[in-house]
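Q: kindly generate the corresponding structure for this input.
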Amino acid sequence: AGGKAFKAVQIGGPSGGCLCEEHLDYGIDYESLTAAGAIMGSGGLVVLDEDDCMVDVARYFLGFTQKESCGQCSLCRLGSVQMLEILNAITEGKGRIEDIDLLIELGEGIKIGSICALGRTAPNPVLSTIRYFRGEYEAHILEKKCPARVCRGLISYYIVPDKCKACLRCLRECPVGAIKGGKKEVHVINQDKCTRCGICLSVCPKRFSAVECVPGRLTNGD
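A: Numbers count the residues shown, from 1 in each chain. So this is what the prediction gives:
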């Protein structure tokens, strides 16, 4: 939709898997989906495009299934919490490269050691996104960047000097006063004060499009 590039499809409900472009011609049947790391589940399909972060998608769906865990199985009860903590750390720029293999180890353990179907499928969003989108995990951890510009801790907002018309819109709307400038001055974002809320981007007139969201954390002077 909107001319965006297709990235993935999440199939099977909250504990389903995320499949990539190479699976577009796969048959929607139990055997094919299971082999690809997904499930038939509820049969629901969520189409994801270039603006979706696969690490954040995995974190979102695991957060739901973790809350749904009844707690009977210790692997599911404790392992899902640990996996969610690791994903939160990765999206905040605090991840370690060894976290990827640890997520796989925890996910496989939960699938094997859980009694009910929820525990056996809850790790699917994480395991499938690592399997097909490992590069996004590595970018979050090694480069401290969210390629899709979703994870607030790994993005920055920047005002392009040549495009800024000093209209004061972003300066007035910034909730933390992180933008400085005057009527005839190019506006500048104080990266130390910026909370990455995105209001500056949303209020900048489209005819100017002076505010950009970029991967990574900028510093004052960049």
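Q: longest helix anywhere in the chain?
A: Once the chain is assigned using DSSP state H, the helix that runs over the most residues is helix 74-91.
Q: could you give the mean pLDDT of it?
A: Averaging pLDDT along helix 74-91 gives 95.
Q: what's the answer for stretch 177-185, then?
A: Mean predicted lDDT for stretch 177-185 stands at 93.
Q: end to end on it, go ahead and measure it.
A: 16 Å (C-alpha to C-alpha, to the nearest Å).
Q: now do stretch 112-131
A: End residues of stretch 112-131 are separated by 18 Å (C-alpha to C-alpha).
Q: find the nearest non-adjacent residue to G79, please.
A: I110 (4.5 Å; C-beta to C-beta, 6 or more residues apart in numbering). Heads up, the C-betas are built off the backbone N, CA and C, glycines and all.
Q: that neighbour and T121 touch, don't they?
A: No - counting by C-beta atoms under 8 Å, I110 does not reach T121; the two are 9.5 Å apart.
Q: neighbour count: the two, which is higher?
A: The neighbour count for I110 versus T121, taken as other C-beta atoms under 10 Å, is higher for I110 (27 against 22).
Q: tell me the residue in this structure that is farthest from the middle.
A: Distance to the chain centre peaks in the chain at K184, reaching 37.5 Å (criterion: C-alpha atoms, centre = their mean).
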